[in-house]
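>>> Dropping a prediction and its sequence here:
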Amino acid sequence: MRKILITGAAGFLGSHLCDRFIDEGFHVIAMDNLITGDLNNISHLFSLSNFEFHHHDVTKFVHVSGKLDYILHFASPASPIDYLKIPIKTLKVGSLGTLNLLGLAKEKGARILVASTSEVYGDPLVHPQNEEYYGNVNPIGPRGVYDEAKRFMESITMAYHRHHGLDTRIVRIFNTYGSRMRLNDGRVVPAFMGQALRGEDLTVFGDGSQSRSFCYIDDQVEGIYRLLFSDYTDPINIGNPNETTIKEFAEEIIALTGTKQKVIYKPLPQDDPTQRQPDISKAKEILGWEPKVHRAEGLKIVYDYFKSLSTEELQKKEHRDFSTTR
């Protein structure tokens, strides 16, 4: 049985990757320090003989006994509300964490795929964003802790690939949504749906003209899966190129939920990207991949998921106390 280590396994995307690789017959080693992850996301897998969970911080030395065929490095805060509260931890998991996992991959002779992000493009001056674009990033701004952590991750991964001949893959993930997102994680899909379900007005930052492109979780996982088993070693965009403005998206959510709330506007945070749309030409050509789930279909599924949450989950304001996190 092929064995794969998935870091950040109790998070939104990591937990869905655990499901996919279990379904594909892998032995899955899930690893998470639970700073932003939630064991409820993977608790349905605990009884399986080909699944194991390790509560561990990958910024510390990572050991896995026996053979290891693949590593997916998805450990990192991924929403602004999280990485702005734990900026140093965010930088450490992208740097020290990546270094530790590249070392483990080298030791085991394993292929490693690292999760980068569309945020490496910053507030882009090129639209849509292709993989050749180097980005427009403020390294010392508040969002820079996430952007630069991921840019360093890409750089050291390619250094290990070139210097040590390590078998590496890099995915640049664009906005993704689906079940198991936290309603309080600050990202626009759960934020709007949570506000609608609680009877609150929908908060748009800026004038709502900034754009995003939303990819459903099943499509994202399929793209990552195909990339892992491809021969392509340069970064590749995986996302949905169907672009919408945040104002239009808020109106979609109001129509979907049937709520009567209004949209209210607040100042745009510093360095918030005005445009975000992937050029997926490489994914189409190299992986034979493109998204299949239309946004209206995906949002209906996610809304049904959020509606099923308990009142406690719906009203929860904070995921955890970050005050003691360094």
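Arrived safely. In this text, all values refer to a predicted model and were calculated from it rather than measured experimentally.

>>> Which parts of the chain are helices?
12-23, 80-83, 87-92, 98-108, 144-164, 188-198, 217-228, 246-257, 281-282, 295-307, 311-315 (DSSP state H).

>>> which residues are in contact with the shortest one?
Outside helix 281-282, the residues within contact range by CB atoms under 8 Å, 6 or more residues apart in numbering are Asn130, Glu131, Tyr232, Ile236, Asn237. Bear in mind the C-beta positions are built from the backbone N, C-alpha and C, glycine included.

>>> Kindly report the same for the third one.
Applying CB under 8 Å, 6+ apart, the external contacts of helix 87-92 come out as 35, 59, 76-77, 82-83, 142, 145-146, 148-149, 325-326.

>>> Now do the contacts for the nearest residue to Arg169 once chain neighbours are set aside.
On the basis of CB to CB, 6 or more residues apart in numbering, the spatially nearest residue to Arg169 that is not a chain neighbour turns out to be Leu113, at 4.0 Å. Leu113 makes contact with Tyr70, Ile71, Leu72, His73, Thr168, Arg169, Ile170, Val171, Ile224, Leu227, Leu228 under the criterion CB under 8 Å, 6+ apart.

>>> Among the residues you listed, which lie within strands?
When DSSP state E is applied, the contacts of Leu113 are split such that Tyr70, Ile71, Leu72, His73, Thr168, Arg169, Ile170, Val171 fall in strands.

>>> would TSV of those residues with pLDDT be doable?
Conversion of those to TSV gives the following (pLDDT from 0 to 100):
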residue	pLDDT
Tyr70	98
Ile71	99
Leu72	99
His73	98
Thr168	98
Arg169	98
Ile170	98
Val171	98
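
>>> ok, Pro278 touching Pro241?
Yes - assessed by CB atoms under 8 Å, Pro278 is found in contact with Pro241 at 5.6 Å.

>>> quick one: which of those two has more around it?
Neighbours per residue (other CB atoms under 10 Å) separate Pro278 from Pro241, with Pro278 holding more: 27 against 17.

>>> what's the pLDDT at that one?
Taken from the predicted model, the pLDDT recorded for Pro278 is 95.

>>> now swap in the one 5 residues further on and tell me
Listed pLDDT for Ala283 reads 98.

>>> Contacts only, for it.
By CB under 8 Å, 6+ apart, the neighbours of Ala283 are Gly223, Leu227, Ile236, Asn237, Ile238, Trp289, Glu290.

>>> Out of these, who's the most crowded?
Ranked by the number of neighbours (other CB under 10 Å), the contacts of Ala283 place Ile238 first, at 28 neighbours.

>>> Relative to Leu68, how far out is that one?
Summarising the geometry, the distance separating Ile238 from Leu68, computed by CB to CB, to the nearest Å, is 24 Å.

>>> hang on, isn't Met181 packed against Phe12?
Yes - at 5.1 Å, Met181 counts as touching Phe12 under the criterion of CB under 8 Å.

>>> Give me the neighbour count for the residue nearest to Lys67 when sequence neighbours are not counted.
Nearest-residue entry for Lys67: Lys3, 6.1 Å, with adjacent residues in sequence omitted and distances by CB to CB, 6+ apart. Residue crowding around Lys3 was assessed by other CB under 10 Å; the count is 20.

>>> So what sits opposite Lys3 in the bridge?
On DSSP bridges, the residues paired with Lys3 through beta bridges are His27.

>>> For Asp201, state which of the ones in strands among the contacts of Leu113 is nearest.
Within the ones in strands among the contacts of Leu113, distances to Asp201 taken as CB to CB reach their minimum at Val171, with 35.5 Å.

>>> Provide a list of residues in contact with that closest one.
Contacts were defined as CB under 8 Å, 6+ apart; by that measure Val171 touches Leu113, Val114, Ala115, Ser116, Gly223, Ile224, Leu227, Pro235, Ile236, Ile238.

>>> repeat that for 7 Å
Taking CB atoms under 7 Å, 6 or more residues apart in numbering as the criterion, Val171 is in contact with Leu113, Ala115, Ser116, Ile224, Leu227, Ile236, Ile238.
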